[in-house]
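Student: dropping a prediction and its sequence here:
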Amino acid sequence: MRFPSMTALRAFDAVSRLGSVTAAAVELNLTRSAISHRINTLEEGLGYALTERTGRGIKLTYEGERYAREVHKILASTQEAGRRSDDDKFTGPLCVSCNPGFATYWLCLHIGSFLKQFPKVRLKIISPRSVEDTSDTSADVFIAYGVGDWPNQVTRQVVGLHYFPVCSPRLINGSPGLKTPQDLAAYPLLHMNDYSDWRTWLGAVGATGIDVTAGVLFTDAHCAISACIAGQGVSIGDNLLAGDALTRGLLVRPFELSIHSNRGYYLVADPLKAERPVVKAFSEWLTRQVYATTPNMSGIFAPEPDAGK
């Protein structure tokens, strides 16, 4: 068997991390057809399929998920080897602007790993005025939430997100219970910023007669998840921020259907600041660590219009 090309491995790694050919093409500055061609070449060399179609989208096969983990380790080791050979570049201050939800439910749980790898970096984490705000000139890099539209700035998607309902176990086991999506009519719905996520999910499952504006509208993810854990209603969670609470059993998924999101978490930086070695090091660490620590909670997907292979 011939050794696979590094470009093919990077393309497959990007698709496995981001969950979309489209997102991978944006990250690697390639066309969707180029990404698909590289993965096809990789599959031909291996002799088995790495991806399969799901409606208009794709997902990894069982063999693809195993291979993706190994590929990610190889790429991470290659980057780490380069870092060790030029360690003196990764020194000095680094100011990261991160929205409170991502900071609370992911960054604060893993930041020690970055400090261990880059002990000479003087790290400062600040909160923006809103989840999509990238206007603070004191920040070197932003972890922002949006659709990737930050003109004149360098952007990189951190992880592909998919959404699904989550609730406290007591709601599942209590009365009247949650057996079908229609049962949601008996519970408050918890919202983040607007009603779009619930409206989209309910439309995907064909649930009718449910007042999507009922419940509580939060502007902070920490408040929404805390209320959900406390059994105050049912919320739309995602594979990143709800992952820790689901793993610990504080939240459960009453239904399996997931919807792909056109919004997500992005690394955003001024083009000049993005070239700083310490900013590049943080960006590479973040995308690797998120991929390695985010549970696979895809469930059953509604079709994703823009992710066809």
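Tutor: Received, thanks.
Student: what's the burial count for the nearest residue to Val158 once chain neighbours are set aside?
Tutor: Once flanking residues are discounted, Val158 sits nearest to Tyr265: 4.3 Å by Cβ to Cβ, 6 or more residues apart in numbering. In short, each C-beta sits where N, CA and C put it, glycine included. Tyr265 has 25 neighbours, counted by other Cβ atoms under 10 Å.
Student: so where does Tyr265 fall, helix or strand?
Tutor: strand 264-269 (DSSP states H and E).
Student: export that strand to CSV, keeping only CA atoms.
Tutor: Output of strand 264-269 as CSV, limited to C-alpha atoms (Å, rounded to 0.1, in the frame of the first residue of the first chain):
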residue,chain,number,x,y,z
GLY,A,264,-20.8,27.8,15.0
TYR,A,265,-17.6,28.8,16.9
TYR,A,266,-14.9,30.5,14.9
LEU,A,267,-11.4,31.7,15.6
VAL,A,268,-11.2,35.2,14.3
ALA,A,269,-8.2,37.5,14.1
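Student: which neighbouring elements make contact with that strand?
Tutor: strand 141-146, strand 154-159, helix 277-293 (3 or more Cβ pairs under 8 Å, 6 or more residues apart in numbering; DSSP states H and E).
Student: tell me the pLDDT at the residue nearest to Val158?
Tutor: At Tyr265, the pLDDT value in this model is 92.
Student: contacts only, for it.
Tutor: Shown in contact with Tyr265 (Cβ atoms under 8 Å, 6 or more residues apart in numbering): Phe102, Ile143, Ala144, Tyr145, Gln157, Val158, Val159, Leu161, Leu240.
Student: and for the fifth one, the neighbour number?
Tutor: In other words, Gln157. Gln157 has 21 neighbours, counted by other Cβ under 10 Å.
Student: also the third one?
Tutor: Residue neighbour count, defined by other Cβ under 10 Å, stands at 25 for Ala144.
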